[in-house]
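> Task: produce atomic coordinates for the following.
(chains A and B)
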Amino acid sequence: MVVMKMKFPFQKRVKLAQGLWLLSWCATVAGATTFTLGCILKTELRRRAEVMDNQDIHIVPNTLMIVGLASLGINYFASKICQDALDAGRFPRWKNFLKPYFAVSCFFTVLMLLAVIMSYAMKGSLESSLKAGLRNGIRFYKDTDTPGRCFQKQNIDRLQMEFQCCGNNDFRDWFEVQWISNRYLDFSSKEVKDRIKSNVDGRYLVDGVPFSCCNPSSPRPCIQYQLTNNSAHYNYDYQTEELNIYLRGCREALVNYYMGLMNTIGAGVLSIFLLQGSVLVSLRLLQTAMEAVAGKENTEIETEGYLLEKGVKETIMEYLNPVLKFFLLKNQVEEGSAAATTAATPTPT
Amino acid sequence: MAVLRVKFTKTKRDKLAQVLWILNWISVVTGAILFSLGLFLKVELHKQGEVMAERDIQYVPNMLIAVGLIACAINFLGGKICYDCVDTTKFLRWKLIMLPYIICTFFFTFCVLVGALMCYCMHWELEESLNLGLTEAMRFYKDTDTPGRCFLKRTVDMLQMQFQCCGNNGYKDWFQIQWISNRYLDMSQKEVVDRIRSNVNGKYLLDGVPFSCCNINSPRPCIQQQITNDSAHFNYEHQTEELNLWMKGCRQALLEYYTHIMQSIGLTVLITWLFELSVLTGVRYLQTSLENVLRQGDPNSESDGYLLENSFMETARMNLNIIKSLGKGNQIDTATNGDPNINVPSTSKAHYGPDNVPPKQITEDS
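Next up, the predicted model:
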C-alpha cells in the first residue's frame, strides 16, 4: 500500500527540482539559525551556572546545536541531489547514498522535534536545580573569605538586582539563614550574644535582608532591617507594604525568564522543523519520480512519485530487519546447529 | 604652473573612474555609519537626560546625523558621476556640474572635520550640564509625591547602581541634603526633632546614604547609616574602608562613559574625513584630466590631471577678482560719463585689401 502517490509530468518534476533547490538553501540558513539559537541558550544558561545545582538542562541547547550542524549537512546534500536530479546521467551516482541519507535525515529531524518537547518537559528539572542552587547560594552568602565561595555574595547580589527578586521562594528565606559573617559581629555586645543564644544552632538570625533586595521604585528609603517590626519604623506596615523590597522569589523569576526564552526558541525551532520536513518530503518525491525515469529513452514522460513504497509499518520493519537480524543471527545459527546435531545423533543408532 | 600635475593615459583614466566608483559607494556606507553613530549618541544622551540640566549638547548628535545623511547623498551622486566618466560622451552630461560638485564637497569635508572636533569639545559643556543636573536630581530625590519628580528617586537609584557611583562628586554629597522625606520621619521622636533643630535650614541631615550606593563587591553587608561613626559598627574604619560604598562620583562616572563613546565616534569621523578627502582628490584629478582630453579633441590621448590649473596664489587672486566683479554688475564706468555710445578711438589699423591702398575720396566738386 503506497503512501502518498502523486503523478509528476515533466514540467512538474522540473518545477519540483527548482523549488526544492531554493527550499534547501532556505533550510540551510534555518539550520544555521538553529545552531545560533542553541548557542544563545547555552550562553544564557552558563551565565547563571553558579545558582544551578546540576547541568541537566544543558541537554536542550546541546541537542539544538547538534541538530543545527546536522541540518547544514543534510540540506547541503539535498541541494546537490536536486541539482543532479534532472540530469539523467548524473542522478544514478546518488543511488546508493539515498537510503542511508534519508534514514539519517529523518533521525535528526525527529531529534529537532524532541529538543522542542524537552524544553517544555524539563521545566521541573530546571526548577529543582535552581531551588538547590539558590539555597546553597544564600547559605554561603556570608562566606566571602572561604576560597571557592568568595564570589557567592557578589553573584547573589547581582542576581537579585538584575532579576528584581529576593531570596529563594521569597524574602523570608533570608530570615532563616545567617547572612552576616561572624567577622563583622561584635561578640562583646549583649544584643549579639542574646540573639545567638536564643537560636538552637547558635546562628545569628535577623529579620533583615541584604541591600540587593531593595526596590528602587519604592517612594521611601529602603527598610532592610527589622522588617517584621512595625513599630521600628514610622508609618510602616509590613503586611501591606509591597514596594519596599522585591516580593518575588528568585527561583520563580529565573524559571520564568528561562521558560520565556525556551518558548521563543521552541517556536522558532518548530517552524524550522516543518521547513526541514517539507524539504525531505519533496526530495523523496523527486527521487522516486526520477527513479521511474531511469533507463527509459524518453526522459520527459510522466512518472509517479511516492513517499513510501510499502506501508509505514512495513517500511519500518524493512529498516529494522537488518538490525534485528544482526542481533538475532547468532541465536538462529545456534538453534540451527543444535537441531542438526540432535537430528544427526539419533541416526547412527 | 599647475599644482601636483599627473599624466593620465586612457587606461589610467578608466581605472581611476572605476576605482572612484567603488570608493564612492564605500563612502556612502561610511556616511550611513556616521548617521547611525549620531543616532546612537542621541539615544545615549536621551537615556540619561533626566540628570542633565538644559544645555546645548544636542547639537553634536544632530550635526553627526545631518553630516551622515549629506555624505550619503553626495557620495551617491559622486558614484553616478564616476560611473559615467569612463565614457567621454557621457562625461559631457556632467561636465558643467562637476566643478560645483567638487567645490561643494570640499566645503562639506570641512563640516565633517568640524563635526569630529566638536565630539572632542563637548566634554566641558557636558560636565557643566551633569554637575547641575545631578545636584538638582539629588535635591529632589525625596520628592516622590511631587508630580513631575516622582520618578527621580528611581532614576537616581538605577543610575548609581548601573554606573557604580555615589553622589555628585562622592558619597559625602548625600550628607548635605535631606534625602529622606518628611512623610517618613517620626516628628514625635526626640532624636528626629533634635537633628532638625540643629540644622540652620531645618533639614533632616544625616551621615547616611541610599542603598543604591552600596558596593556589591564588599565582603561585608553594606553599611549605609552612621558611615562616619566608627564605633557604631564592629571592625569598621570609615577612612580606610574602600569597598563598602561606591567611591566614584556619578558625574565623573557618566563623564567617563560619554567621553569614551565620543572619542570612539570622533576617531571614526576623522577617518571618514580623510577618506572623503582622498575620494575628492581622485574626483578632481578625474575631472581635470577628462576636461583636458576634451580640449585636445582625441578621446584616446594622454592628458594632464592636476589639482589647480595655476599656482595656489594665482588661483586665489583670480577667484577674489571674480568675487569682486560679481558685485560690480550694476556699476557705471565714470570714464565715458555714463554714455556707452561715445567714440572710442580705434587702435587697430584699417586694411584696404592686399596692396593696402585707401580708396579715392569722393569730393563734392568732381
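> Can you tell me which residues in chain B are near chain A?
Contact residues of chain B with respect to chain A, defined by C-beta under 8 Å from any C-beta of the partner chain, are listed as B:144-145, B:150, B:153-154, B:157-158, B:161, B:179-181, B:183-186, B:210-212, B:214, B:216-217, B:219-222, B:224, B:233-235. Where you see a C-beta, it was placed from the backbone N, CA and C, and this is true even at glycine.
> Produce a ChimeraX select command limited to the buried residues of those.
To isolate in ChimeraX the members of the residues of chain B next to chain A that are buried, counting by 16 or more other C-beta atoms under 10 Å in any protein chain shown, one can use:
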select /B:144,153,154,157,161,179,180,181,184,185,210,211,212,214,216,217,219,220,221,222,224,233
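> Let me see the domain layout of chain A.
A:6-124+A:261-308, A:145-252 (automatic domain parsing).
> what pLDDT, on average, does the shortest one get?
Pointing back at domain A:145-252 there. The average of the pLDDT scores along domain A:145-252 is 92.
> is chain B contacted by it?
Yes: for domain A:145-252 and chain B, the contact criterion (C-beta under 8 Å from any C-beta) is met by A:145, A:150, A:153-154, A:157-158, A:161, A:179-181, A:183-186, A:189, A:210-212, A:214, A:216-222, A:224, A:233-235.
> Can you give me the end-to-end span of that domain?
Here the two ends of domain A:145-252 are set 29 Å apart, with distance taken as C-alpha to C-alpha, to the nearest Å.
> Relative to the whole chain's centre, how far out is it?
35 Å (C-alpha atoms, centre = their mean, to the nearest Å).
> one step back: format the domains of chain A as CSV; extra columns: mean neighbour count.
Converted to CSV, the domains of chain A look like this (neighbours: other C-beta atoms under 10 Å in any protein chain shown):
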stretch, mean neighbour count
domain A:6-124+A:261-308, 17
domain A:145-252, 17
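> Just give me the neighbour total for whichever residue of the stretch 251-366 of chain B sits closest to chain A.
Using C-beta to the nearest C-beta, B:A253 is the residue of the stretch 251-366 of chain B that sits closest to chain A, at 17.1 Å. Under the neighbour criterion other C-beta atoms under 10 Å in any protein chain shown, B:A253 is assigned a count of 19.
> In contact with it, which residues?
The neighbourhood of B:A253, defined by C-beta atoms under 8 Å, 6 or more residues apart in numbering or on different chains, consists of B:F163, B:Q164, B:C165.
> And for B:Q48?
Under the contact definition (C-beta under 8 Å, 6+ apart), the residues listed for B:Q48 are B:L159, B:L254.
> now it: how far from B:L113?
When C-beta to C-beta, to the nearest Å is applied, the distance between B:Q48 and B:L113 equals 28 Å.
> What about the contacts of B:A253, which are in helices?
Counting by DSSP state H, the part of the contacts of B:A253 found in helices is B:F163.
> isn't A:M259 right up against A:A121?
No: with contacts counted by C-beta atoms under 8 Å, A:M259 stays clear of A:A121, the gap being 11.7 Å.
> What segments of chain B are helices?
Counting by DSSP H, residue ranges of the helices within chain B are B:10-47, B:59-84, B:88-139, B:152-163, B:190-197, B:250-296, B:312-326.
> How about the stretch 101-250 of chain A?
Listed in chain order, the helices of the stretch 101-250 of chain A (DSSP state H, counting those that start in this stretch) span A:123-139, A:152-163, A:190-198, A:250-293.
> Next, the angle helix B:152-163 makes with the second one.
Which is helix A:152-163. 130 degrees (axes from the mean of the first three to the mean of the last three C-alpha atoms, to 10 degrees).
> what's the angle between helix A:152-163 and helix A:123-139?
130 degrees.
> Low-confidence ranges, chain B, go.
Using pLDDT under 70 as the threshold, the predicted model of chain B has low-confidence ranges B:1, B:329-366.
> So it: which segments form each domain?
Looking at automatic domain parsing, the domains of chain B come to B:6-126+B:253-317, B:171-247.
> between the ones you listed, which one is nearest to A:L126?
Proximity to A:L126, assessed across the domains of chain B by C-beta to C-beta, is greatest for domain B:171-247 (25.6 Å).
> nearest residue to the spatially most central residue of chain A other than its sequence neighbours?
In chain A, the C-alpha closest to the average C-alpha coordinate belongs to A:V60, at a distance of 1.7 Å (C-alpha atoms, centre = their mean). Beyond its immediate neighbours in the sequence, the residue positioned closest to A:V60 (C-beta to C-beta, 6 or more residues apart in numbering or on different chains) is A:S119, lying 4.9 Å away.
> same check, this time on B:E50
Nearest one to B:E50, counting by C-beta to C-beta, 6+ apart, is B:T155 at 5.0 Å.
> Could you list which residues are in contact with that neighbour?
B:E50, B:V51, B:A137.
> Return the residues in contact with the last one.
Under the criterion of C-beta under 8 Å, 6+ apart, the contact list for B:A137 reads B:E50, B:V51, B:L152, B:T155, B:V156.
> how many neighbours does the residue of the stretch 1-150 of chain A found nearest chain B have?
When you check the stretch 1-150 of chain A against chain B by C-beta to the nearest C-beta, the closest residue turns out to be A:T144, at 3.8 Å. For A:T144, the count of nearby residues is 18 (other C-beta under 10 Å).
> In contact with it, which residues?
With contacts defined as C-beta under 8 Å, 6+ apart, A:T144 is in contact with A:C150, A:Q152, A:K153, A:S181, B:P219, B:R220.
> nearest spatial neighbour of it, skipping sequence neighbours?
Nearest-residue entry for A:T144: B:P219, 3.8 Å, with adjacent residues in sequence omitted and distances by C-beta to C-beta, 6+ apart.
> residue contacts, the nearest residue to B:V51 once chain neighbours are set aside?
Ranked by C-beta to C-beta, 6+ apart and with sequence neighbours excluded, the top spatial neighbour of B:V51 is B:G133, at 4.4 Å. With contacts defined as C-beta under 8 Å, 6+ apart, B:G133 is in contact with B:E50, B:V51, B:M52, B:A53.
> can you pull the contacts of the first one?
Applying C-beta under 8 Å, 6+ apart, one finds that B:E50 lies in contact with B:G133, B:A137, B:F151, B:L152, B:T155.
> same question, the second one
By C-beta under 8 Å, 6+ apart, the contact set of B:V51 is B:L130, B:G133, B:L134, B:A137, B:T155, B:V156, B:L159, B:C250, B:L254.
> next one: the last one
Contacts here follow C-beta under 8 Å, 6+ apart; on that basis B:A53 touches B:E128, B:S129, B:L130, B:N131, B:L132, B:G133, B:E136.
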